[in-house]
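J.: Got a predicted structure plus its sequence, pasted below:
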Amino acid sequence: MFQRLALGEMAALGATGLPLLVVQHPLGGEAPEGVSRRITQAVEQLGAMLGAR
């Protein structure tokens, strides 16, 4: 849901070449273990993005 919005905003701003870090939602009501897992996934994505530069 938010990924599509982010891609639309990036296109509108002419920033389509920028990387996009995606965190699955919803986070509300998620157990701490689930939030921790999503944080780990986000950090791994970020590391891959930075390593690709």
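T.: The structure has been received and is ready for your questions.
J.: so for stretch 22-41, what's the average pLDDT?
T.: Here stretch 22-41 scores 91 as its mean pLDDT.
J.: ok, now stretch 3-16?
T.: The average of the pLDDT scores along stretch 3-16 is 95.
J.: which residues sit against that stretch?
T.: Applying CB atoms under 8 Å, 6 or more residues apart in numbering, the set of residues contacting stretch 3-16 from outside is Leu18, Leu20, Val22. Where C-beta positions appear, they are placed from N, C-alpha and C, glycine not excepted.
J.: May I have the residues that are in contact with the residue nearest the centre of the chain?
T.: Most central in the chain under CA atoms, centre = their mean is Val22, positioned 1.8 Å from the mean C-alpha point. By CB under 8 Å, 6+ apart, the residues touching Val22 are Gln3, Gln45.
J.: quick one, phi psi at it?
T.: Main-chain dihedrals, Val22, degrees, to the nearest 10: phi -110, psi 130.
J.: ok, now the one 10 residues further on?
T.: Note on Pro32: its backbone torsions stand at phi -50, psi -40 [degrees, to the nearest 10].
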